[in-house]
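In: just the structure for this:
(4 chains)
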2 protein chains.
Amino acid sequence: MNSSTPGVPLRADAARNVTQIRAAAIAAFRGRGLGTPLEEIAAAAGVSKATVYNRFGGRDGLIDAVIGELVAAELHAIMDRARWVDDPWQAVATYVGDRRDLQFREPAFTDALLMLYPNSAQLVALATAATDMTERLLRRGHDAGVLREDFTAGDLYYADVANGLALRALRTPSREDYDRRTRFFIDGLHPR
Amino acid sequence: MNSSTPGVPLRADAARNVTQIRAAAIAAFRGRGLGTPLEEIAAAAGVSKATVYNRFGGRDGLIDAVIGELVAAELHAIMDRARWVDDPWQAVATYVGDRRDLQFREPAFTDALLMLYPNSAQLVALATAATDMTERLLRRGHDAGVLREDFTAGDLYYADVANGLALRALRTPSREDYDRRTRFFIDGLHPR
DNA sequence: GGATAACTTGACGCTAGGGTCAAGTTGACG
DNA sequence: CGTCAACTTGACCCTAGCGTCAAGTTATCC
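Out: Numbering: from 1, shown residues only, chains lettered A, B, ... in the order given. You can find the predicted model right below:
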């Protein structure tokens, strides 16, 4: 369990395993979410389950090791994009739409939203950053009077969780259907 | 497994058990959804798990035996109410709002929506009836031009599943928050 | 090329829940 | 009040997944 202790370098075989496990975990998490059985990931990496525990200390450590590559980068890109949109309404619409898009492409994002594995430090940091961003954007929209006044950050969170879970529970909708539903939601955010 | 064979009446003790198991199942399904462990229901009814299998033949049979009392009656009431609303927009709004209300009160409704246990004949019948009703109401709304033209029965289904799953995954929201979110959704259904 | 610390792993124990059955108990009927 | 079919049940097996460890293997360094 010291893939993250640069002071003592790993032995060559162990380093190779770390690489393979990370790759397998990323692929598996992409396809099945952060709850994928560790045994399956181990098998895909060509090692035994125990090695995953040795190298990463369990699911939380493994998530910590790959969450950046999986969603942190994308989510930060989404936040940056929203930050640079001048029009307050467009900023909200872009942000909400981009989050939906990420949900469609990355089931793991929904697990991250749900904080199913809150022992991952990276995940906690991500959640905090995203919540901040959401609150800032909504305040801008409210102040400018372009956003329904009774719409809160909690409402967006709830809607995203709902959408993510449905996406997983149901057979994946066509992109067209999905985008139309996203549009319904965004349209509902205009002031009444 | 013959609680439903009126030709051969049950022995007194068996009949008593059927009653107790039904009651326990209804309470458990109300609280935890249709997936509640049968062992738990058996314990609450004061019988062993095997007796539940003897009397009802497993989860599907048990659901069939109580789904009416759990949600069929309520859902039919909702459909009737919508049928008698003259204004096409109000009919849709009432129907959608009432379904959301039922979801809030009855987690089992979401399981029924998801058809998690499609071997229950009653559940299949319910689903068919509800889908019909939805389609009829939406057509009325579209024809009257009071409902967003691109809103479909599938969209309503997706939204309800999403809402039900979020309701279960997250800590239950206040009634106020919940109703506000329902309002967002309904407001989004007006024509653009 | 040997010593040894680092590393890997098969086999194991644990939990939760589904489902079944032989053996025992009991209600109902003559 | 005895007989027997109806009924109940504890004990069992099965699956899926998590997490651990003693014993064996191997990379590395001298």
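In: what does stretch A:42-52 contact?
Out: A:17, A:20-21, A:23-25, A:27-28, A:38-39, A:41, A:58, A:62 (CB atoms under 8 Å, 6 or more residues apart in numbering or on different chains). (C-beta placed from N, C-alpha, C; glycine too.)
In: so of those residues, which ones are in helices?
Out: Taking DSSP state H, the ones among the contacts of stretch A:42-52 that sit in helices are A:17, A:20-21, A:23-25, A:27-28, A:38-39, A:41, A:62.
In: ok, residue A:98 - contacts?
Out: Contacts of residue A:98 by CB under 8 Å, 6+ apart are A:78, A:81-82.
In: which one (most neighbours) among the residues you listed?
Out: Tallying neighbours with other CB atoms under 10 Å in any protein chain shown puts residue A:82 at the head of the contacts of residue A:98, with 23 neighbours.
In: which element is the nearest residue to that one once chain neighbours are set aside on?
Out: Here the nearest residue to residue A:82 in space, its sequence neighbours aside, is residue A:95; by CB to CB, 6 or more residues apart in numbering or on different chains that works out to 3.8 Å. Element membership for residue A:95 (DSSP states H and E) is helix A:88-105.
In: only the buried residues of the one helix or strand residue A:53 maps to, if you could.
Out: If you go by DSSP H and E, residue A:53 is part of helix A:49-56. Across helix A:49-56, burial judged by 16 or more other CB atoms under 10 Å in any protein chain shown covers A:51-53, A:55-56.
In: now do stretch A:92-110
Out: A:92-104, A:106-110.
In: cross-check those residues against DNA strand D and keep the overlap.
Out: With CB under 7 Å from any atom of the strand as the criterion, the buried residues of stretch A:92-110 include none near DNA strand D.
In: circling back to that earlier point, can you spell out which helices and strands pack onto the next helix or strand after the helix holding residue A:95?
Out: Next along the chain after helix A:88-105, taking DSSP H and E as the criterion, comes helix A:107-114. Here helix A:107-114 touches helix A:12-32, helix A:88-105, helix A:121-143, helix A:153-169, going by 3 or more CB pairs under 8 Å, 6 or more residues apart in numbering or on different chains; DSSP states H and E.
In: run the last query once more with 10 Å
Out: Secondary-structure packing of helix A:107-114 (3 or more CB pairs under 10 Å, 6 or more residues apart in numbering or on different chains; DSSP states H and E): helix A:12-32, helix A:59-67, helix A:73-83, helix A:88-105, helix A:121-143, helix A:153-169, helix B:153-169.
In: next one: residue A:177 from DNA strand C, what distance?
Out: Counting by CB to the nearest atom of the strand, to the nearest Å, the gap from residue A:177 to DNA strand C is 33 Å.
In: measure residue A:147 to residue A:86 for me?
Out: As judged by CB to CB, to the nearest Å, residue A:147 and residue A:86 stand 15 Å apart.
In: among these two, which residue is more densely surrounded?
Out: residue A:147 (22 against 6).
In: tell me the contacts of the more buried one?
Out: A:88-89, A:91-93, A:137-141, A:189-191 (CB atoms under 10 Å, 6 or more residues apart in numbering or on different chains).
In: re earlier: okay, who's weakest in the contacts of stretch A:42-52 by pLDDT?
Out: Taking the contacts of stretch A:42-52 together, the minimum pLDDT is found at residue A:58 (94).
In: and that one, how many neighbours?
Out: Residue A:58: 13 neighbours (other CB under 10 Å).
In: that older thread, pretty sure the residue nearest to residue A:82 sits against residue A:153.
Out: No - in this structure residue A:95 lies outside contact range of residue A:153 using CB atoms under 10 Å: 11.4 Å.
In: so for those two, which residues contact both of them?
Out: A:130, A:133-134, A:137-138.
In: for PyMOL, what selects the buried ones among these?
Out: Of the shared contacts of residue A:95 and residue A:153, the buried ones go into a single PyMOL selection, burial set by 16+ other CB under 10 Å:
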select buried, chain A and resi 130+133+134+137+138
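In: of the shared contacts of residue A:95 and residue A:153, which is the nearest to DNA strand D?
Out: Of all these, DNA strand D sits closest to residue A:130, with 25.5 Å by CB to the nearest atom of the strand.
In: how about the contacts made by that closest one?
Out: Contacts of residue A:130 (CB under 10 Å, 6+ apart): A:72, A:75-76, A:78-79, A:95, A:99, A:112-113, A:153, A:157, A:160.
In: still on that earlier bit, for residue A:138, see how far away the residue nearest to residue A:82 is.
Out: 9 Å.
In: anything in contact with each of these two?
Out: Joint contacts of residue A:95 and residue A:138 (CB under 10 Å, 6+ apart) are residue A:156.
In: end to end, how far does stretch A:98-117 reach?
Out: End-to-end distance for stretch A:98-117: 24 Å, by CA to CA, to the nearest Å.
In: pLDDT on it, on average?
Out: 94.
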